[in-house]
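Asks: sharing a model that was predicted from the sequence below.
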2 protein chains.
Amino acid sequence: MATIRDVAKRAGVSVATVSRVLNNKGYAHEDTRKLVNDAIKELNYKPNEVARSLYKKKSRLIGLLLPDIRNPFFPELARGVEDEMQEQGLHLIIGNADEKPEKEIDYIQTFKQNNVIGIISATNHAETKLYENLSFPVVLLDRITGSYPSVYADGLDGGKIAAQEMVRRGSKRIALLRGPIELRTAQDRFKGAVDELCDANVDFQVITSSFSFHDAEKMAKTLFEKFPETDGIIASNDLSAAAILHEALRIGRSIPDDLQIIGYDDIPLSKLLFPSLSTIRQPAYDMGREAAKLLMNIINNKPLAQKNIQLPVTFIERQTTRKVEEND
Amino acid sequence: MATIRDVAKRAGVSVATVSRVLNNKGYAHEDTRKLVNDAIKELNYKPNEVARSLYKKKSRLIGLLLPDIRNPFFPELARGVEDEMQEQGLHLIIGNADEKPEKEIDYIQTFKQNNVIGIISATNHAETKLYENLSFPVVLLDRITGSYPSVYADGLDGGKIAAQEMVRRGSKRIALLRGPIELRTAQDRFKGAVDELCDANVDFQVITSSFSFHDAEKMAKTLFEKFPETDGIIASNDLSAAAILHEALRIGRSIPDDLQIIGYDDIPLSKLLFPSLSTIRQPAYDMGREAAKLLMNIINNKPLAQKNIQLPVTFIERQTTRKVEEND
């Protein structure tokens, strides 16, 4: 592998000059700059990022923290972040906090010690002190705290739309799942739905649920035991909705005739379920892209049009809800 | 944040001494060592890993390369790697190659430039030159090439078991899905099933399929159009099986009475499908753990009992296959 010395020799300049050109620091004549860049290309020289980051105090690394890579919503977010970062010539490293604060702390340390230039975090503890006193910017993704710039989807509207679609399709005894209390995004969609259901002439029950695979099956069983009369379920995410759909079919409920279900997220698996899941779509990939753009604008000191970017959600009509005339 | 100077001052020693203690290089009296370590604790000093890795030429970073984080099988592998690495006091960074060689190259560069001490790779291009001339060890996960140490599950046996279970449960016209040709693990399970089907008194067809969500739906439609008589399907992975189950139910096939389906992997979603999916379980989490252990043994120059570790697979009987008497 070519070293900085080889580049200097090929370009006929000193190592210090190559370093100045590489790091865009100090004076170098345009002709010299060209000589050095040509030599870099010819020799396919890759600067050692560790050495460079020490010198420049800057790397080209971005850290992305996900709360749970087993929930298919988060890999979608990650794909959007990745594509944008790659287009901007940056490297992304991913950490999975696994919903544990100690893992999150560990990853933030790792990112810090490897001189990332910014973090995008979608974890559950952004309210805490973990992110204080960092020397690089943090952007929250699918999370809102007020303290940090963020990109998220419109949860209030999502909850509202889910409740509206459920009611206009005729459900009268609705079970509303409430996601993790500590997550503002989960509570927004919950509040949006509650407000709408309060205004409608329907009964509704609230069931608190986590977002994980692990808890979904048990929650689904409990739901039908406690509320056998339920004729419509608004889930807090698609994983919960999948578990509910499974349990409903297992106990012989007819979907959507006797029971309607609306999920939240639109993870890839939603359309593979049978009947396929009607859901509120969060534009996960686009959210990831937007978060990456926002972070890069902050890093590059560009003026921000908005510090908090909210993307719209949409109802995806599939087979777990009944058809209605569009001019109803 | 405390610096190495603060530590030296508190311990009453020179910066060079602190550095010697930190890096376990050169002489330092035991008492001095204690003074320094106490000062580090009191000041909660965190050494800059970039500076340390330059000095020691070693970091505590491991790179994990996944082929497609959207396929739920891979996050399971990652969880196993993570837990083992964390217990060993190491940091893991994850890269998603997205089944694209150029992304894989990019991640290997990033890992290299950030001085990882080893890579675990589960991508599709480990046969290529990408991994040559690296200065740190590589362990393959869920992949086999012969060139690198690896951890994988017994695909030949997996395919064989799937075919046996399908045949003994009475299917006579079987469709066998063949995963990506370039993946030895996919071909092993395929060959295992072919061998078994050739020995049984049944008809079978082969359909080639990728492992992605994107292609699964189309493949499922084609399958039933071309082979409407099929009464048993052995899928190449659970995602394909989910798409097939969806399509089968959509066109009114009765499962498992009229059509049996066996998946491969046992991803978390398999039991949430309805009917829940019978499948061949690969112990993904354990595979991840074993790969991490193998890599650490190589890094620490420990003698290896085995360079290639094969884990067993098991048949998980759920509802897409018919019941048989166990003494059949």
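Replies: Structure's in. What do you need?

Asks: for A:Glu99, see how far away the nearest residue to A:Ser121 once chain neighbours are set aside is.
Replies: Nearest in space to A:Ser121, with sequence neighbours left out and distances taken as Cβ to Cβ, 6 or more residues apart in numbering or on different chains, is A:Leu65 at 4.4 Å. Yep, even glycine has a C-beta here, placed from its N, CA and C like the rest. Here the criterion is Cβ to Cβ, to the nearest Å. By it, A:Leu65 lies 11 Å from A:Glu99.

Asks: same check on A:Thr321?
Replies: According to Cβ to Cβ, A:Thr321 stands 30 Å off from A:Glu99.

Asks: more neighbours: those two, which one.
Replies: When A:Thr321 and A:Glu99 are compared for neighbours, A:Thr321 comes out ahead with 26 against 18, by other Cβ atoms under 10 Å in any protein chain shown.

Asks: residues near the residue nearest to the more buried one when sequence neighbours are not counted, how many?
Replies: Setting aside the residues directly before and after it, A:Thr321 is nearest to A:Ser278 in space (Cβ to Cβ, 6+ apart), at 4.1 Å. For A:Ser278, the count of nearby residues is 25 (other Cβ under 10 Å).

Asks: pretty sure A:Ser278 is touching A:Thr320, no?
Replies: Yes. With contact defined as Cβ atoms under 8 Å, A:Ser278 and A:Thr320 form a contacting pair (4.7 Å).

Asks: what do the two both touch?
Replies: Common neighbours of A:Ser278 and A:Thr320 are listed as A:260-263 (criterion: Cβ atoms under 8 Å, 6 or more residues apart in numbering or on different chains).

Asks: so can I have TSV of these showing neighbour count?
Replies: Below are those laid out as TSV (neighbours: other Cβ atoms under 10 Å in any protein chain shown):
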residue	neighbour count
A:Gln260	22
A:Ile261	29
A:Ile262	29
A:Gly263	30
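
Asks: helix, strand or coil for A:Arg20?
Replies: helix (DSSP: H, G, I helix; E, B strand; the rest coil).

Asks: so what's it scoring on pLDDT?
Replies: What the model reports for A:Arg20 is a pLDDT of 80.

Asks: re the thing from before, okay, and the common contacts of A:Leu65 and A:Glu99?
Replies: With Cβ under 8 Å, 6+ apart as the test, A:Leu65 and A:Glu99 both reach A:Thr123.

Asks: give the contact list for the nearest residue to A:Phe213 once chain neighbours are set aside.
Replies: Leaving aside its chain neighbours, A:Phe213 sits nearest to B:Pro268 (4.7 Å; criterion: Cβ to Cβ, 6+ apart). Neighbour list for B:Pro268: A:70, A:213, B:72, B:76 [criterion: Cβ under 8 Å, 6+ apart].

Asks: how about a cut-off of 10 Å?
Replies: When the contact criterion is Cβ atoms under 10 Å, 6 or more residues apart in numbering or on different chains, the partners of B:Pro268 are A:70-72, A:212-214, A:216, A:239, B:72-73, B:75-76, B:238, B:284.

Asks: what does A:Asp142 give?
Replies: Each residue near A:Asp142 by Cβ under 10 Å, 6+ apart is listed here: A:66-67, A:73-74, A:77, A:121-123, A:150-153, A:155, A:183-185, A:265, A:282, A:284, A:287-288, A:291.

Asks: let's see which of these end up in strands.
Replies: The strands, defined by DSSP state E, take in A:66, A:121, A:150-153, A:265 from the contacts of A:Asp142.

Asks: chain B: which of those is nearest?
Replies: Minimum distance to chain B across those is 9.1 Å, recorded for A:Leu66 (Cβ to the nearest Cβ).

Asks: what's the burial count for the residue nearest to A:Ser121?
Replies: Counted with other Cβ under 10 Å, the neighbours of A:Leu65 add up to 26.

Asks: show the model's pLDDT score for it.
Replies: Looking at A:Leu65, its pLDDT is 94.

Asks: if it is in a bridge, with which residues?
Replies: Beta bridges link A:Leu65 to A:Gly95, A:Ser121, judged by DSSP bridges.

Asks: thought it was touching A:Gln109?
Replies: No. A:Leu65 is not in contact with A:Gln109 according to Cβ atoms under 10 Å; the separation is 11.8 Å.

Asks: where does the stretch 1-150 of chain A dip in pLDDT?
Replies: With pLDDT under 70 as the threshold, the stretch 1-150 of chain A has low-confidence stretches at A:1, A:25-26, A:48-59, A:126-128.

Asks: 50 instead, please
Replies: In the predicted model, the stretch 1-150 of chain A carries pLDDT under 50 at residues A:53-55, A:57.

Asks: helices along that one, start to end?
Replies: Listed in chain order, the helices of the stretch 1-150 of chain A (DSSP state H, counting those that start in this stretch) span residues A:4-11, A:15-23, A:30-43, A:49-56, A:73-87, A:101-113.

Asks: angle of the third one against helix A:15-23?
Replies: To tie it back to what came earlier, the one meant is helix A:30-43. 90 degrees (axes from the mean of the first three to the mean of the last three Cα atoms, to 10 degrees).

Asks: do the last one as well
Replies: For helix A:101-113 and helix A:15-23, the angle between their directions (the same axes, to 10 degrees) works out to 130 degrees.

Asks: what comes up buried for helix A:101-113?
Replies: Along helix A:101-113, the positions that meet the burial threshold by neighbour count (16 or more other Cβ atoms under 10 Å in any protein chain shown) are A:103-104, A:106-108, A:110-113.

Asks: make JSON lines out of those residues and add distance to chain B.
Replies: Written out in JSON lines, the entries for these read as follows (distance: Cβ to the nearest Cβ, whole Å):
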{"residue": "A:Lys103", "distance to chain B": "7"}
{"residue": "A:Glu104", "distance to chain B": "12"}
{"residue": "A:Asp106", "distance to chain B": "7"}
{"residue": "A:Tyr107", "distance to chain B": "8"}
{"residue": "A:Ile108", "distance to chain B": "11"}
{"residue": "A:Thr110", "distance to chain B": "4"}
{"residue": "A:Phe111", "distance to chain B": "9"}
{"residue": "A:Lys112", "distance to chain B": "8"}
{"residue": "A:Gln113", "distance to chain B": "3"}
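
Asks: what is the nearest of these to B:Gly89?
Replies: Distance ranking of the buried residues of helix A:101-113 against B:Gly89, using Cβ to Cβ, places A:Asp106 first at 9.8 Å.

Asks: shouldn't that closest one be in contact with B:Lys46?
Replies: No. With contact defined as Cβ under 10 Å, A:Asp106 and B:Lys46 do not form a contacting pair (11.8 Å).

Asks: measure A:Ala200 to A:Thr314 for me?
Replies: Between A:Ala200 and A:Thr314 the computed distance is 21 Å (Cβ to Cβ).

Asks: cool, and A:Asp38?
Replies: Noted for A:Asp38: a distance of 51 Å to A:Thr314, by Cβ to Cβ.

Asks: let me see the contact set for A:Val13.
Replies: A:7, A:20-21, A:28-29, A:32-33, A:35-36, A:39.

Asks: any chance of TSV for those residues, columns neighbour count?
Replies: Converted to TSV, the contacts of A:Val13 look like this (neighbours: other Cβ under 10 Å):
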residue	neighbour count
A:Val7	27
A:Arg20	18
A:Val21	22
A:Ala28	20
A:His29	10
A:Thr32	17
A:Arg33	16
A:Leu35	20
A:Val36	24
A:Ala39	21
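
Asks: and those, which two are furthest apart?
Replies: Using Cβ to Cβ for every pair in those, the one that comes out farthest apart is A:Val7 and A:His29, at 16.6 Å.

Asks: in its sheet, what does whichever strand or helix holds A:Thr279 sit against?
Replies: Under the assignment given by DSSP states H and E, the secondary-structure element containing A:Thr279 is strand A:278-281. Each strand pairing with strand A:278-281, determined using DSSP bridges, is listed with its direction: strand A:260-265 (parallel), strand A:314-316 (antiparallel).

Asks: how far off centre is stretch A:179-186?
Replies: Distance of stretch A:179-186 from the chain centroid (Cα atoms, centre = their mean, to the nearest Å) equals 14 Å.
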